[in-house]
Structure formats: structure tokens, C-alpha cells
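Engineer: From the sequence below, what's the structure:
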Amino acid sequence: MEISLNHTIVPSFDNVESARFYENIFGFKFVKEWGHFAVVKVSSTLTLDFQTKENFSSIHYAFKVSEEQFDQIFGRIQNSGIEYGSNPYDLANGQINHKYGDRGVYFKDPNGHVLEIITADYIID
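Structural biologist: Numbering: from 1, shown residues only. From the prediction side, this is the model:
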């Protein structure tokens, strides 16, 4: 069996607000509040479990998406007025990148986590 990531805890200032943000931008399903977590289903095997915290460091999350999903998510980013950029060091240049002949874009969630959507895997030798 291939090992897969089942869930990860995402620190947030407001767990439900964060879960709703990911639901609205990515189209993920907000499942429920479960104890002190707000659970979002990313795929059949992965959930993001948002936990309210006062202090935490920013984390980077990258999501591989189809071309159609990229268009939908990118449209929601733009319609929401979220700043975006072509690389993680310039999150507000208003551009997407075309690494490996495909598309990618970076933006922040309400907690300051850097999010990335890409349409192709990075080539790592």
C-alpha cells in the first residue's frame, strides 16, 4: 500500500472561519467541528484539521490541481480581492508563474499561511 497523508493540523486564529475560507476558495467540504478542530475534507484520504491558536508560525501548503480547478480557484481568489503572486517572495505582484510549462500562483490565507496552487508537479532530480 502506498503511504498517504491522512490529516494535518493547521493552526489558525479562528478554526471555523479558516475552514470556511478553504471551503470557499478551494471548494473543499467543511465537514464539522470536531472537539477543538474544524475539519475540512480535501480528498478521499486527506483532511485539514484547523485548530484555534493564539501564536504560531506561518506554514506553506501547496495543492496540485487540474487546469479547470486552477481556473475556478484562481477566479475565486481574484473575486475575493486576495493578493496573489508568481512566487512565495512576492505574493502581491499580481502574476502567475509558468514553471514546467504549466501554471502556479501563491497567496495567503487569513492566518498568514502561504498557499500555492500548481497544475504540474515540480521536477526534482
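
Engineer: element containing the spatially most central residue of the chain?
Structural biologist: Against the mean C-alpha coordinate of the chain, by C-alpha atoms, centre = their mean, the closest residue is residue 115 at 4.5 Å. If you go by DSSP states H and E, residue 115 is part of strand 114-118.

Engineer: And the contacts of that strand?
Structural biologist: 58-65, 69-70, 73-74, 88, 91, 99, 102-109 (C-beta atoms under 8 Å, 6 or more residues apart in numbering). In short, each C-beta sits where N, CA and C put it, glycine included.

Engineer: are any of the residues you listed buried, and which?
Structural biologist: Buried subset of these (neighbour count, 16 or more other C-beta atoms under 10 Å): 63, 65, 70, 73-74, 91, 103-109.

Engineer: Looking at the contacts of strand 114-118, which are in helices?
Structural biologist: Judged by DSSP state H, the subset of the contacts of strand 114-118 located in helices is 69-70, 73-74.

Engineer: now, which of the residues you listed sits nearest residue 22?
Structural biologist: residue 73 (10.6 Å; C-beta to C-beta).

Engineer: check contacts around that closest one.
Structural biologist: 25-27, 65, 117.

Engineer: can you rerun that using 10 Å?
Structural biologist: 25-27, 63, 65, 105, 107, 115, 117 (C-beta atoms under 10 Å, 6 or more residues apart in numbering).
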